[in-house]
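# Please work out how this folds:
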Amino acid sequence: MKIKGVISDMDGVILDSEKLYVRFWCEAANFYGYPMQRQHALSIRSMARPLASERLKGYFGEGFDYHAVHDKRIELMDKFINENGIEPKPGAKELLRYLKDNNYKTALATATAFERTKKYLEQVDLYKYFDEIVCASMVKCGKPKPDIYFFAAEKLSLKSQECVALEDSPNGIISASSAGCKTVMVPDLDGPTDDIKPLLFAVANGAEDVIRILKDCDEE
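Predicted coordinates for the structure are as follows:
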């Protein structure tokens, strides 16, 4: 089936922000006395809030106050970004220009709230490249469930099978693959694990390498 659209995760694929989420989840949890480390924060990347809350309670006990830690993480991360800005991932702008120039419909599928998503993308002049922005709050179940990818494809007036999905995290990859998208991993903080590899159409060497993969799709 011809690829007509690209649906991308934001953090770690378009913006170099995943490292900030990991850092400030840990700092926020530590502030409240929970010994969160990098591996704990990595495991909840892109994960819907109810599932993330349950996972963190599994790590740190039923008393883990997800909402307090989450709000502290936002406070710390917002302060950092307000002072230091945010950067796109290398090659992200080149990829988005290619998609626009070659008439691919383009959507974002992110766990980040809409206003924050819009603010971040506008800071790096990338908001204008997306036809649709779909956030976890807009669907019944967030990642790793497939709802957000089904809805993003629907917003583009496409079938999910007509879309390439770009993801960096296992939760996002499971979501996109379950929706039937051709799922491409763009590794950020870690690479594909053995359990994730069967779900992938390809692994890109950075955002700009996605252009090569799309050209290969066109030749199939």
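# Strands of this protein, residue ranges please.
Using DSSP state E, the strands assigned to the chain run over residues 5-8, 105-110, 132-135, 163-167, 182-185, 202-203.
# so who does residue 32 touch?
65, 68, 69, 72 (Cβ atoms under 8 Å, 6 or more residues apart in numbering). All C-beta atoms are positioned from the backbone trio N, CA, C, and that covers glycine.
# If you could redo that for residue 137, that was the one I meant.
Per Cβ under 8 Å, 6+ apart, neighbours of residue 137: 113, 114.
# at 7 Å instead, please
Residues counted as contacts of residue 137 (Cβ atoms under 7 Å, 6 or more residues apart in numbering) are residue 113.
# Look up how far residue 156 lies from it.
19 Å (Cβ to Cβ, to the nearest Å).
# now swap in residue 106 and tell me
8 Å.
# How are the helices of this protein distributed by residue range?
18-31, 38-43, 49-60, 66-84, 92-101, 114-123, 147-155, 170-178, 210-219 (DSSP state H).
# what's the angle between the longest one and helix 18-31?
Translated: helix 66-84. 130 degrees (axes from the mean of the first three to the mean of the last three Cα atoms, to 10 degrees).
# buried ones in helix 66-84?
66, 69, 70, 72, 73, 76, 77, 81 (16 or more other Cβ atoms under 10 Å).
# Run a quick neighbour tally on residue 187.
16 (other Cβ atoms under 10 Å).
# Double-check it against residue 169; I have them as touching.
No: checked against Cβ atoms under 7 Å, the pair residue 187 and residue 169 is beyond contact range at 9.7 Å.
# Can you give the distance from the helix or strand of the chain with the lowest mean pLDDT to the centre of its chain?
Scoring the helices and strands of the chain by mean pLDDT, DSSP states H and E places helix 210-219 at the bottom, with a mean of 88. Centre-to-centre, helix 210-219 and its host chain are 21 Å apart (Cα atoms, centre = their mean, to the nearest Å).
# Turn the strands of the chain into TSV, columns for mean pLDDT, distance to residue 86 and mean neighbour count.
Listed next are these as TSV, based on pLDDT from 0 to 100; distance: least, Cβ to Cβ, whole Å; neighbours: other Cβ atoms under 10 Å:
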stretch	mean pLDDT	distance to residue 86	mean neighbour count
strand 5-8	98	16	27
strand 105-110	98	14	26
strand 132-135	97	16	21
strand 163-167	98	18	29
strand 182-185	98	22	24
strand 202-203	97	25	16
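# can you put those strands in JSON lines and add distance to residue 25?
Formatted as JSON lines, the strands of the chain follow (distance: least, Cβ to Cβ, whole Å):
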{"stretch": "strand 5-8", "distance to residue 25": "22"}
{"stretch": "strand 105-110", "distance to residue 25": "16"}
{"stretch": "strand 132-135", "distance to residue 25": "19"}
{"stretch": "strand 163-167", "distance to residue 25": "19"}
{"stretch": "strand 182-185", "distance to residue 25": "22"}
{"stretch": "strand 202-203", "distance to residue 25": "26"}
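# Good, we can wrap up now.
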